[in-house]
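[1] Mind folding the following:
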Amino acid sequence: MPASRARWPLSAGLIVIAGIALAHGDVAPQPVNTDALPDVGEEWLTENPYRSMDPEVFQKAIEIGDSGFNQNCARCHGLGAISGGLAPDLRFLEAEEYGDEWFAERFQHGMTQNGITKMPAFGEILGQKAAWAIRSYIETRPDDQQVADAAPTLTQMRDKLAGYAEDPAGADIDAIKAELMEINAGFETLSGAPVADSAAARAARLIDGSPARFHEAAELISVSLSVAH
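    Numbers count the residues shown, from 1 in each chain. Sure, this is the predicted structure:
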């Protein structure tokens with residue numbers, strides 16, 4: 001991985017993140033439905049509780065966090081959490097307690113600079129479950145450069161899925177899912193999390209043999225390619 005994209009050292013990460021002026025402004029937080037997630041208590045934790053739960057729970061947290069992030073965070077932190085430079089690139093926050101502590105503190109209390117709200121306080125409005133769901137989503141984002149490098153393979157896969165959307169006859173669902181998961185396995189996270197949750201993995205979970213799901217899976221990959229570029 002090029003040096004410019006390497007993970008931040010522990011101390012350097014805090015300096016870089018704290019030193020970047022955020023640009024959220026006075027944005028009204030949008031509610032996040034976390035009913036499908038286990039309760040994690042009233043007292044705020046310092047480590048993502050969903051990371052160590054059953055894979056199904058963690059996956060649900062990622063899905064809910066995806067929606068929560070896009071409603072509340074993408075405006076400033078970028079689609080797919082790929083920052084355009086106005087706000088910190090949260091994908092580099094280490095997927096461990098150090099990164100979790102910083103995230104939880106900023107999520108709860110927001111940020112004010114020179115009397116101006118740069119980021120609203122989400123804690124009391126959205127709650128802890130939403131916070132850790134969004135954190136789960138962020139830490140599993142794939143390296144967008146690797147996604148861009150895999151564009152030819154992903155494009156071929158997208159076209160294959162689009163073809164099955166027109167005519168699913170003869171589609172080997174298990175083989176298609178395995179191929180998508182193999183593509184996903186080639187992507188690293190920038191947080192150090194062991195497994196990325198890319199559009200390829202999401203497409204694999206989505207398809208069920210129906211034309212509509214093949215179409216949705218193809219669209220997922222198309223959007224992923226657009227964001228990575």
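
[2] can you map out the strands along the chain?
    Counting by DSSP state E, one finds strands in the chain at the ranges 111-113, 116-119.

[3] Need the winner for burial among those strands.
    Burial among the strands of the chain, expressed as mean neighbours by mean count of other C-beta atoms under 10 Å, is greatest for strand 116-119, which shows a mean of 16. Bear in mind the C-beta positions are built from the backbone N, C-alpha and C, glycine included.

[4] Mind listing the strands it pairs with, and their directions?
    In its sheet, strand 116-119 lies beside strand 111-113 (antiparallel), with partners assigned from DSSP bridges.

[5] which stretches of the chain aren't confidently modelled?
    1-27 (pLDDT under 70).

[6] I figured Arg202 hits Val223, correct?
    No: between Arg202 and Val223 no contact is recorded; they are 10.3 Å apart, counting by C-beta atoms under 8 Å.

[7] between those two, which one's more packed in?
    When Arg202 and Val223 are compared on other C-beta atoms under 10 Å, the one with more neighbours turns out to be Arg202, at 20 against 13.

[8] who's in contact with the more buried one?
    With contact set as C-beta atoms under 8 Å, 6 or more residues apart in numbering, Arg202 has these partners: 217, 220.

[9] Quick check: it vs Gly80, distance?
    Plainly put, Arg202 is 12 Å away from Gly80 if you go by C-beta to C-beta, to the nearest Å.

[10] same thing with Gly186?
    For Gly186, the distance to Gly80 equals 17 Å [C-beta to C-beta].

[11] where exactly do the helices run in the chain?
    Ranges of helices within the chain are 10-19, 55-72, 74-77, 97-109, 123-139, 144-149, 151-166, 173-185, 199-206, 211-228, based on DSSP state H.

[12] and those, which is most packed in?
    helix 123-139 (a mean of 24).
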